[in-house]
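Visitor: Compute the structure for the input listed below.
(2 chains)
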Number of protein chains: 2
Amino acid sequence: MTTQQTDAQIANALQAVAARKDVTDIFFVACGGSYAHMLPNQYIVERESSAIIGNALNAAEFKARAPRRLGKNSIVITCSHSGTTPETVEAAKVARDAGALTISLTHDLGSPLDQASEFTVSYVHSPMTMSPIHSAAVLERLTFGILKIREGNTKADELDKGLAKLPALVDNLILDQRGKMAEFAETHKRETVIYTMASGANFGVAYAFAICILQEMQWIHAAAIHAGEYFHGPFEVTDFDVPFIHLMGLGPSRAMDERALAFTEKYSQRLTVLDAKKLGLATLPAAVSEYLAPLVFSPVLRAYADKLAEAKGHPLTVRRYMWKMEY
Amino acid sequence: MTTQQTDAQIANALQAVAARKDVTDIFFVACGGSYAHMLPNQYIVERESSAIIGNALNAAEFKARAPRRLGKNSIVITCSHSGTTPETVEAAKVARDAGALTISLTHDLGSPLDQASEFTVSYVHSPMTMSPIHSAAVLERLTFGILKIREGNTKADELDKGLAKLPALVDNLILDQRGKMAEFAETHKRETVIYTMASGANFGVAYAFAICILQEMQWIHAAAIHAGEYFHGPFEVTDFDVPFIHLMGLGPSRAMDERALAFTEKYSQRLTVLDAKKLGLATLPAAVSEYLAPLVFSPVLRAYADKLAEAKGHPLTVRRYMWKMEY
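Guide: Sure, this is the predicted structure:
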């Protein structure tokens, strides 16, 4: 994939968005890690749009019972890395049959998802870096692009400016944090349970780290806790030896992150904190910095995972079920 | 609370719904267990309505960054058992200030949430029973009531017929399942991690059991896994000794529940399955039976929790942080 290719694919899809008579809904549909990437986009639409709905749904759920609103005024954005995830391919077909404008993201042009969708955007896959043509970035470009075309939202340019800064910012962060990553790996290599915590635009990253890294790739029990939910149940499980990974965001939901951290700091001795304010994100355009935080947390956390895998002797590529059998 | 009181309170609120010029959104706003009760209602609106949006949000998140659509065409339904949950009270104020129609559910008339909201419905609290005036039932009555008034949805009567059958159905189930509950309690009393799994209308119950019962009341690590997400990460954590509680629903998402169960049946020896089809729910009105399943699972699971607490010698009322300190 080149920048030119991806840019042209995004422009094509947005041209079709402009040509639609009405757009009332954007459904963000995928599974697992790709679904997690959708969550900040629902958040963006809720924060930015008064006329358009954003709704992120697991593809199997979407396929089983597509929302009744689905129709010719809907845009359905799907994502599957291989382009072969059956639930996502079928969701794209359901959407297209209903008259929705279908835009897919996949790494593999020519894949079933590409074929099932009207428009496809391909992206670069490199989990420990970030760029404007990584999938998480492409999704936000599409989201802000749609909001620009349909209702004059002016933040797409700010987004592009911010995205241009991310490759160097992320590379430097991963270099800077090498010591912290090694310490995290050593002190967590025998943990049987690790919790992640976030809110707002970052909940999807906390969710992805719990289900794709800890559960899937490291066989460690895990759950993502929404910082606003923490005090209404989950916090009772906190103890001196219970590990939490906190993602501290930049937007209006940061107060929730801070309140949760103030509590775990008192009662747990096993905290790992990634704070967007201390990671240089405050230098990004203010109008979009909260939306860029997940795009920084994601590759940095992947580098943490890489070190953890090394310390455990359990490579991130090992699976016991996935891709190995019928399920 | 009497049936007459609650019925009159619901009728009052629905009268105000009818008097509104336009209704475009229902926001379901609460924290923890009350938030979990909101989730089936978002599901109902997505399944049943083409003109109205349903959106369930944690109250702290709503307070921090109310969706931009919030305004005079919104209905905001909040719930707090004590009526004192600060985030929920503030969310109701934010909503009312924005011109939304505010309807609260609380056990305590006269509480801050009651005072902050235009309309209040009070309910019966008795976690091991179900009736049309329990909070989860009241929420569905409001949801279907709104859909009836605003767009002629005809299922409210079917819902009432189904709800009338639940008290006896749930009482009998809890009696019938006594043996299974005792066995669950004995075989799980030393577990350190328990997963719950569900999809569709039942995901909220799986979430509530994980965060309010297991984490909060039993200090057991837990997470609710969406059955459609299971194969995209979480399933790699499955092993012979990893316990799962499966909720098998009735609606179109049941196929997801069945696929997940077929997998755990092969690779885990620690399964607990509650199947709506085998619990007599198929005798309820077909148009609403899938929406009634969470109202049956919830009290039955509470009876399971009761036995677990007994076997662990850790009463469901014990807390170390909640209500005991500032947080």
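Visitor: Might you enumerate the residues of the stretch 151-300 of chain A proximal to chain B?
Guide: Applying C-beta under 8 Å from any C-beta of the partner chain, one finds that the stretch 151-300 of chain A approaches chain B through A:192-193, A:199-200, A:210-212, A:215-217, A:219-223, A:226-229, A:231-239, A:251-253, A:255-256, A:259, A:263, A:267. (Each C-beta comes from the backbone N, C-alpha and C, glycine too.)
Visitor: Can you list which of these are found in helices?
Guide: Per DSSP state H, helices hold the following members of those: A:255, A:256, A:259, A:263, A:267.
Visitor: Highest neighbour count among those?
Guide: Highest neighbour count within those, by other C-beta atoms under 10 Å in any protein chain shown: residue A:256, with 28 neighbours.
Visitor: which ones are touching that one?
Guide: By C-beta atoms under 8 Å, 6 or more residues apart in numbering or on different chains, the contact set of residue A:256 is A:199, A:200, A:227, A:228, B:60, B:61, B:64.
Visitor: tell me the phi and psi of the last one?
Guide: If I follow you right, that is residue B:64. The phi and psi values for residue B:64, taken as degrees, to the nearest 10, are phi -70, psi -30.
Visitor: With the first one instead?
Guide: Main-chain dihedrals, residue A:199, degrees, to the nearest 10: phi -150, psi -180.
Visitor: middle-most residue in chain A, spatially?
Guide: Residue closest to the average C-alpha location in chain A (C-alpha atoms, centre = their mean): residue A:37, at 2.4 Å.
Visitor: need the helices for chain A, in chain order.
Guide: For chain A, applying DSSP H gives helices covering A:3-19, A:32-48, A:59-64, A:86-97, A:112-116, A:135-151, A:156-176, A:178-188, A:203-208, A:218, A:254-267, A:289-312.
Visitor: Tell me the helices and strands packed up against the longest one.
Guide: Based on contacts counted as 3 or more C-beta pairs under 8 Å, 6 or more residues apart in numbering or on different chains; DSSP states H and E, the elements that helix A:289-312 packs against are helix A:32-48, helix A:135-151, helix A:156-176, helix A:178-188, helix A:203-208, helix A:218, strand A:244-248, strand A:271-275.
Visitor: now the first one
Guide: Applying 3+ C-beta pairs under 8 Å, 6+ apart, one finds that helix A:3-19 makes contact with strand A:101-106, strand A:119-122, helix A:135-151.
Visitor: Most tightly packed of those?
Guide: strand A:101-106 (a mean of 28; mean count of other C-beta atoms under 10 Å in any protein chain shown).
Visitor: so the residue nearest to the centre of chain A touches residue A:135, yeah?
Guide: Yes: using C-beta atoms under 8 Å, residue A:37 is in contact with residue A:135, at 6.0 Å.
Visitor: what residues are up against residue A:218?
Guide: Contacts of residue A:218 (C-beta under 8 Å, 6+ apart): A:305, A:308, A:309, A:312, A:314, A:316.
Visitor: Just send the helices and strands packed on helix A:3-19 back as JSON lines, with mean pLDDT too.
Guide: Rendered in JSON lines, the data for the helices and strands packed on helix A:3-19 read as follows (pLDDT from 0 to 100):
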{"stretch": "strand A:101-106", "mean pLDDT": "98"}
{"stretch": "strand A:119-122", "mean pLDDT": "98"}
{"stretch": "helix A:135-151", "mean pLDDT": "98"}
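Visitor: Quick check: which of the ones you listed is nearest to residue A:299?
Guide: Residue A:299 lies closest, by C-beta to C-beta, to one member of the helices and strands packed on helix A:3-19: helix A:135-151, at 9.2 Å.
Visitor: ok, so what distance separates the spatially closest residue to residue A:53 that is not a sequence neighbour from residue B:118?
Guide: Ranked by C-beta to C-beta, 6 or more residues apart in numbering or on different chains and with sequence neighbours excluded, the top spatial neighbour of residue A:53 is residue A:25, at 4.6 Å. As for residue A:25, its distance to residue B:118 is 29 Å (criterion: C-beta to C-beta, to the nearest Å).
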